[in-house]
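> give me a 3D structure for the following:
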Amino acid sequence: MFAFYTHVIYTVGMSTKYAPFIKTLRLKRGLSQATVAGKLGLSRQSYMAVERGTREMTLQEAEKLCDFYAIPIEELSNAVVPQYEKYKQMILAFLRAGKKIPKTKLAKLLYFADFAWYYKKLESMSGMRYRKIQYGPVPDSYFRIIDEMSDSGEIDITQTEDGAMLISQTRSGARVDLSEISKEEDKLIKNVEEKWRGKKTAEIVDFTHKQFPYLYAQDNEIVSYALITQEDPHEVY
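You can find the predicted model right below:
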């Protein structure tokens, strides 16, 4: 695995692929080039060259950058920009009509939406990268995003007597901004929610564990979107 990532970062011309990606990450967070350069131990001029695609990053610099943005290095090598705001809207879409969904189950519903969309369109709905953990595929930033949405008052988190964490919309039934989600995407989200409505978290976790993306990934590795296309249609979600 280490050899693979070394190859990715040092391949001639690879910087032209990830340069727009890292610039987008910086701009979305409102950071200056000098700030990011300092985190990497580079001069501003050297970092500017990275963003222009005229200077390659070393593996150590790439790892520092990924640590700084809290993203897996696979995300950098694939140069796919996660749509964090859209992912938040997907969360709110699942919580419509006053629904209260266990935190783990909600993560799996979002996974189904992204991978079912890939099954249909060969692209992720949100651009998030999912990692294989004990309770099924989940993006590294899922828990951080849930905390951020709770802190900002967009969602409520309540704990049941048995310790389960329930996620709900702060104002039950209130109209929320879903402007980044297309009608076709919203229809898929509703279909996923309807199929798993009333089902226990353990059932949905068990279902994801039997899918090809989860089965063929090593523990703690990023799962492959492409493998979902090998599933039968009724096994996608």
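
> okay, domains of this protein per the record?
For the chain, the domain assignment from automatic domain parsing gives the residue ranges 2-78, 84-235.

> what's the mean pLDDT across the first one?
It stands for domain 2-78. Along domain 2-78, the predicted local confidence has a mean pLDDT of 78.

> ok, stretch 106-125 next?
95.

> would a markdown table of the domains of the chain with mean neighbour count be doable?
All C-beta spots, glycine's among them, are computed from the backbone N, C-alpha and C. As requested, these are arranged in a markdown table below (neighbours: other CB atoms under 10 Å):
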| stretch | mean neighbour count |
| --- | --- |
| domain 2-78 | 16 |
| domain 84-235 | 16 |
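
> now the strands for the chain?
100-102, 130-133, 136-139, 155-159, 165-169 (DSSP state E).

> which of those sits closest to residue 197?
Closest of the strands of the chain to residue 197 is strand 100-102, at 9.6 Å (criterion: CB to CB).

> start and end of stretch 219-237, how far apart?
Taking CA to CA, to the nearest Å as the measure, stretch 219-237 stretches 22 Å from start to finish.

> next: stretch 152-167.
Terminal residues of stretch 152-167 are spaced 14 Å apart (CA to CA).

> middle-most residue in this protein, spatially?
The central residue of the chain, meaning the one whose C-alpha is nearest the mean C-alpha position (CA atoms, centre = their mean), is residue 128 at 2.6 Å.

> identify the residue nearest it in space, chain neighbours excluded?
residue 139 (4.2 Å; CB to CB, 6 or more residues apart in numbering).

> now the closest residue to residue 95 other than its chain neighbours: how far from residue 97?
The shortest distance from residue 95 to any residue other than its chain neighbours is 4.4 Å, reached at residue 169 (CB to CB, 6+ apart). When distance is defined by CB to CB, to the nearest Å, residue 169 is 9 Å away from residue 97.

> do residue 71 as well
Applying CB to CB, the value for residue 71 to residue 97 is 33 Å.
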